[in-house]
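# next comes the sequence, and after it the predicted model I'd like to discuss.
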Amino acid sequence: MRYVDEYRDGRAARAIAAEIRALAEPGSNVKLMEVCGGHTHAIYRHGLEALLPDEVELVHGPGCPVCVIPMGRVDDAVSIAERPEVTFASFGDMLRVPGGRRRSLLEAKARGADVRTVYSPLDALGIARREPEREVVFFGVGFETTAPATALTLLRARELGVRNFSVFCNHVLIGPALRAILDSPETAIDGFVGPGHVSTVIGTRPYDFVCREYGRPVVVAGFEPTDILRAVAMLLRQLRDGRAEVENAYGRVVRTEGNPQALAALAAAFAVRDDFEWRGLGAIPRSGLRIADDLAEWDAENRFEVPGARIEDPKACRCGDVLRGLAKPYECGVFGTACTPEKPLGTCMVSSEGACAAYYAYGRHQRREQVTA
Amino acid sequence: MCLAVPGQIVERLDDGLAKVDFTGVRRNVSVVFTPDAEPGDWVLVHVGFALAQIDEDEARATLELLGEAIAAELDASRPDPSNKLQLAGEAP
């Protein structure tokens, strides 16, 4: 077993698609939100939307931690990176994200800043240990999937006494984002395809409130085509039966209680900010993590002054609407024209998990001609 | 950011690390969050950290569900001897 290919079986995908067609009520309009950017990309890469009947619409959510970083925070990152003594370490997909006036980390690098791509925060800590004369700052981005890695790296930095290392923390929490979507008067989501890998850490109980308080079903899904299709079928079954429960369709890696060691690391290294600004969703209370007080020495926001400006998104940019499932990428006026992966206006186009990037890469922008014709 | 990949533990190393094999490519990964994983076990790895041990029973159970879906579909599309239109290749 290799745990990947088996879940891509085409016959199984088509069989489940047939089940979905049978479950869909003719004439109905069911909107299911896939929260996670990884799901959005899997759906378009494998052409899954084409397998769904007209009655079932998949709407993209804000589960792209790169997409939701507001431009002001990118500017803060760039201001740290531009300091001559700083080595700024970041995941690759943050490099092209535009800040104000379309400046990005990649652009800063081109102008001489020491910006380096890393696969893991441990790699950034490794750089700090090998290059003691550099001030190494790691750009902590991601949901609860990624935050434990940063947590452990911070704890390790303290344990080893590595003083030339700090983290610029922009980790966010999925629960508050879901609530913000559900509270938004314009969204009309009937059910959620729950994030797969966030759930390996937090378990499935954090989604209970969606069912209890908002009466919508949640099915936690894996990322292979059959995983996603199965989740859609399970959601339709719940809707048909009038149920609203959290179901786990990714049992091979998601346990109800999550990962206790990862959760303990989060509790040790982070505290929850009173509120945090999300691109397109505004300030969401208790939705972002900050570094714990007893790790203050490793908090980049304590070491460096940052502009901390709140920058409005460009008027033409509809990332906010796309992240809330209110607009499809091709409904944005600058999609594929002023905003492309090479010259992105907004984050949805540049992130490896952004909905616009998925559409652009997998050729869906041709649909725009059909839609506007 | 959600991107996590299954890999197989080859051997445990010091400092909470393990050598993990990803279909031929080997990388050192932190297994601090999967303390019970042994060499030979499969783990899900994200940004250099194993987040979960892949549960083989659950994995097989899911594959069985997929197998059942395929079987149900084959049944549904099998020509019904009492339905002459189907036998002639027409849609039911």
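Thanks, I have it.

# out of everything not next to it in sequence, what's closest to the closest residue to chain A within chain B?
Closest residue of chain B to chain A, CB to the nearest CB: B:G48 (2.8 Å). Just so you know, the C-beta spots here come from the backbone N, C-alpha and C atoms, and that holds for glycine as well. Nearest non-adjacent residue to B:G48, counting by CB to CB, 6 or more residues apart in numbering or on different chains: A:S120, 2.8 Å away.

# surely that neighbour is in contact with B:F49?
Yes. Judged on CB atoms under 8 Å, A:S120 makes contact with B:F49 at a distance of 7.1 Å.

# looking at the two, which is more packed in?
B:F49 (29 against 24; other CB atoms under 10 Å in any protein chain shown).

# spatially central residue for the chain, please.
In the absence of a named chain, chain A is used. Nearest to the centroid of the C-alpha atoms of chain A, with distances taken as CA atoms, centre = their mean, sits A:C64, at 2.0 Å.

# right idea, wrong chain: chain B
The residue lying closest to the centre of chain B (CA atoms, centre = their mean) is B:A59, at 5.5 Å.

# wasn't that one part of a strand?
No. Going by DSSP: H, G, I helix; E, B strand; the rest coil, the assignment for B:A59 is helix, not a strand.

# where in the chain is pLDDT low?
Going with chain A. Applying pLDDT under 70 to chain A flags the ranges A:1-2, A:102, A:363-373.

# that's the other chain; I wanted chain B
For chain B, the ranges with pLDDT under 70 are B:1-2, B:77-92.

# anything in stretch A:338-357 near chain B?
Yes. With CB under 8 Å from any CB of the partner chain as the measure, stretch A:338-357 is seen reaching chain B through A:352-353.

# list the buried ones in that stretch?
Neighbour-count burial for stretch A:338-357 flags A:339-341, A:344-357 (criterion: 16 or more other CB atoms under 10 Å in any protein chain shown).

# now what about it, what contacts it?
Stretch A:338-357 has contacts (CB atoms under 8 Å, 6 or more residues apart in numbering or on different chains) with A:36-38, A:40-41, A:60, A:63-64, A:66-69, A:92-93, A:96-98, A:102, A:279, A:313-314, A:316-319, A:322-323, A:328-329, A:332, A:334-335, A:360-361, B:1-3.

# select only the buried ones of those residues in PyMOL?
Applying 16+ other CB under 10 Å to the contacts of stretch A:338-357, the buried members can be selected in PyMOL as follows:
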select buried, (chain A and resi 36+37+38+40+41+60+63+64+66+67+68+69+93+96+97+98+279+313+314+317+318+319+322+323+328+329+332+334+335+360) or (chain B and resi 1+2+3)
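
# so which of the contacts of stretch A:338-357 belong to strands?
A:36, A:60, A:63 (DSSP state E).

# in chain B, which spans are strands?
Going by DSSP E, chain B shows strands at B:5-12, B:17-22, B:25-30, B:42-46, B:49-53.

# likewise chain A?
Using DSSP E, strands in chain A cover A:30-36, A:56-63, A:86-90, A:114-117, A:135-142, A:165-171, A:191-194, A:218-220, A:246-248, A:270-272, A:275-278, A:282-285, A:289-291.

# list the strands paired with the last one, with their directions.
Okay, so that is strand A:289-291. Strand A:289-291 pairs in its sheet with strand A:270-272 (antiparallel), by DSSP bridges.

# list the buried ones in the partner strand?
Neighbour count says strand A:270-272 has A:F270 buried, by 16+ other CB under 10 Å.

# next one: it to chain centre, how far?
19 Å (CA atoms, centre = their mean, to the nearest Å).

# stretch A:322-341 too?
With CA atoms, centre = their mean, you get 17 Å for stretch A:322-341.

# so what's the residue count around the residue of chain B closest to chain A?
Neighbour tally, B:G48, other CB under 10 Å: 20.

# right, and it touches A:Y119 too?
Yes. Counting by CB under 8 Å, A:Y119 is a contact partner of B:G48 at 6.0 Å.

# in chain A, what residue is nearest chain B?
Counting by CB to the nearest CB, chain A gets nearest to chain B through A:S120 (2.8 Å).

# thinking again about what came up before, among the contacts of stretch A:338-357, which are in helices?
A:37-38, A:40-41, A:319, A:322-323, A:360-361 (DSSP state H).

# show me which residues of chain B are close to chain A?
So far as CB under 8 Å from any CB goes, chain B lies against chain A at B:1-4, B:6, B:23, B:30, B:32-35, B:42, B:44, B:46-49, B:51-56, B:58-63, B:65-67, B:69-70, B:72-73, B:76.

# buried subset of these?
Buried among those (16+ other CB under 10 Å): B:1-4, B:6, B:30, B:32-34, B:42, B:44, B:46-49, B:51-55, B:58-59, B:62-63, B:66, B:69-70, B:73.

# ok, A:V220 - contacts?
A:194-196, A:199, A:204, A:207, A:231, A:246-250, A:254.

# now neighbour count and distance to A:T150 too, for these, in JSON lines please.
Shown next, in JSON lines, are the contacts of A:V220 (neighbours: other CB atoms under 10 Å in any protein chain shown; distance: CB to CB, whole Å):
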{"residue": "A:G194", "neighbour count": "32", "distance to A:T150": "23"}
{"residue": "A:P195", "neighbour count": "30", "distance to A:T150": "18"}
{"residue": "A:G196", "neighbour count": "29", "distance to A:T150": "20"}
{"residue": "A:S199", "neighbour count": "31", "distance to A:T150": "18"}
{"residue": "A:T204", "neighbour count": "21", "distance to A:T150": "23"}
{"residue": "A:Y207", "neighbour count": "27", "distance to A:T150": "23"}
{"residue": "A:A231", "neighbour count": "28", "distance to A:T150": "28"}
{"residue": "A:V246", "neighbour count": "22", "distance to A:T150": "27"}
{"residue": "A:E247", "neighbour count": "21", "distance to A:T150": "30"}
{"residue": "A:N248", "neighbour count": "23", "distance to A:T150": "26"}
{"residue": "A:A249", "neighbour count": "24", "distance to A:T150": "28"}
{"residue": "A:Y250", "neighbour count": "26", "distance to A:T150": "23"}
{"residue": "A:V254", "neighbour count": "29", "distance to A:T150": "21"}
